[in-house]
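K.L.:
Just need the structure, nothing else, for what follows:
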Amino acid sequence: MNKILLVEDDNEIIDNLIEFLSKEEFIVKNAKGQNAAIELVENETFDLVLLDVSLADGNGFAVCSAIKSKTCLPVIFLTASGDEFSTVTGFDLGADDYIAKPFRPRELISRIKNVLRLTGTTGSITQLGDVMVDTVKGTASKKGKDLFLSALEYRLLLVFINNRGAVMTRTKLLESIWDIAGDFVNDNTLTVYIKRLREKIEDDPQNPEIIKTVRGLGYKVDA
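P.N.:
Just a heads-up that it's a prediction; the model follows:
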């Protein structure tokens, strides 16, 4: 699932794009201004940026320049129809594509998928509530802050991600984390690690909303 940063300050456009992109199974986060956008890029992981040129706080060119100076993150500019100057300037700053407003939603999706394919971005971000897992970098964060999971905690989380919607028995979980542990993992150890993982990823570990207990069977993460 790809995560997109939408840098736009028009509330109607924001609402419409977030609704549409979410239905297309993109994770979307919005920043309305230059400083907020740059801060998000520095603290979170994204697969692509949709960037409006005109912002109430700063401008899209400065955001693109800041992004491209530090990352290889693909950028698609949203520009006013026929604004040749913005288009040329955007490409000069390293933008990967542009689309003129007003645009057709299906065209936008096509452009996004094309840029993701050309830049080799494979949708490494998985979302579980407020938790974001980057399976390429091997990191997990909650509300932008690194969770600093141990190797065994991270492996356990991946097992749940790879089996979303399925009930995982304790036996299956033990078999899945055996290799990474380096020694025997018993049932009591599994209980400890599930407790530790919940303490890091759940808002209320005593009433978990991500890793749910299925009484008499095991555990489950919703699809």
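K.L.:
and residue 168, what are its bridge partners?
P.N.:
Beta bridges link residue 168 to residue 219, judged by DSSP bridges.
K.L.:
now it: how far from residue 6?
P.N.:
Separation of residue 168 from residue 6 (C-beta to C-beta, to the nearest Å): 35 Å. Placement of C-beta: from N, CA and C, glycine included.
K.L.:
Could you do residue 59 as well?
P.N.:
In terms of C-beta to C-beta, residue 59 sits 16 Å off from residue 6.
K.L.:
So these two - more neighbours on which side?
P.N.:
residue 6 (23 against 17; other C-beta atoms under 10 Å).
K.L.:
okay but that one is in contact with residue 31, surely?
P.N.:
Yes - between residue 6 and residue 31 there is a contact under C-beta atoms under 8 Å: 7.4 Å.
K.L.:
check contacts around the closest residue to residue 217 other than its chain neighbours.
P.N.:
Spatial nearest neighbour of residue 217, chain neighbours left out: residue 167 (5.0 Å); criterion: C-beta to C-beta, 6 or more residues apart in numbering. By C-beta atoms under 8 Å, 6 or more residues apart in numbering, the contact set of residue 167 is 214, 217-220.
K.L.:
Please, a PyMOL command that selects the buried ones among those residues?
P.N.:
Only the buried entries of these go into this PyMOL selection, using 16 or more other C-beta atoms under 10 Å:
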select buried, resi 219+220
